[in-house]
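A predicted structure for the sequence below; I have some questions about it.
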Amino acid sequence: MELAPQRMQPQPQPVIEVLLVTVKQASEALQVSERTVMTMIDTGKLDSVKIGDSRRIDIESVRKVAREGASLPTLVERAARGKR
């Protein structure tokens, strides 16, 4: 009596939690421009780290801005501080 070969059941892949996102990904998630994301980083509204030449943003700070919003400085306030 021959036994049919058993098929290997695919093993579930572990879920990897995303901790950091790119500026582009953050801008898409928040539906703002990449420049606005950079302004949020510069003003401390978003937490980020530099890895090599790349900037990565903490996903929890993106979620916080999405939940609570973030007021950005107006052009007049930024000009007064010497930024454009």
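That came in fine, so what should we check first?

dump the host helix or strand of Val37 to PDB, keeping only the CA atoms.
For Val37, the element it lies in under DSSP states H and E is helix 34-42. Output in PDB follows, covering the C-alpha atoms of helix 34-42 (Å, rounded to 0.1, in the frame of the first residue of the first chain):
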ATOM      1  CA  GLU A  34       7.000  66.300   1.500                       C
ATOM      2  CA  ARG A  35       8.100  69.900   2.200                       C
ATOM      3  CA  THR A  36       5.300  70.100   4.900                       C
ATOM      4  CA  VAL A  37       6.600  66.900   6.400                       C
ATOM      5  CA  MET A  38      10.100  68.400   6.500                       C
ATOM      6  CA  THR A  39       8.700  71.500   8.100                       C
ATOM      7  CA  MET A  40       7.000  69.300  10.700                       C
ATOM      8  CA  ILE A  41      10.400  67.700  11.400                       C
ATOM      9  CA  ASP A  42      12.200  71.000  11.600                       C
END
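
and it, what's its mean pLDDT?
The average pLDDT within helix 34-42 is 94.

report the buried residues of it.
Neighbour-count burial for helix 34-42, with 16 or more other CB atoms under 10 Å as criterion, is recorded at 36-41. Quick note: C-beta positions are derived from backbone N, CA and C, even for glycine.

as a markdown table, those residues with distance to Leu19 would be great.
Formatted as a markdown table, the buried residues of helix 34-42 follow (distance: CB to CB, whole Å):
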| residue | distance to Leu19 |
| --- | --- |
| Thr36 | 22 |
| Val37 | 17 |
| Met38 | 20 |
| Thr39 | 23 |
| Met40 | 18 |
| Ile41 | 16 |
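
for the residues you listed, which one is nearest Asp47?
Ile41 (8.1 Å; CB to CB).

which residues does the closest residue to that closest one other than its chain neighbours bridge with?
Nearest residue to Ile41, sequence neighbours excluded (CB to CB, 6 or more residues apart in numbering): Ser48, at 4.9 Å. Here Ser48 sits in beta bridges with Ile57, as judged by DSSP bridges.

strands of the chain, residue ranges please.
For the chain, strands defined by DSSP state E occupy the ranges 20-22, 48-51, 54-58.
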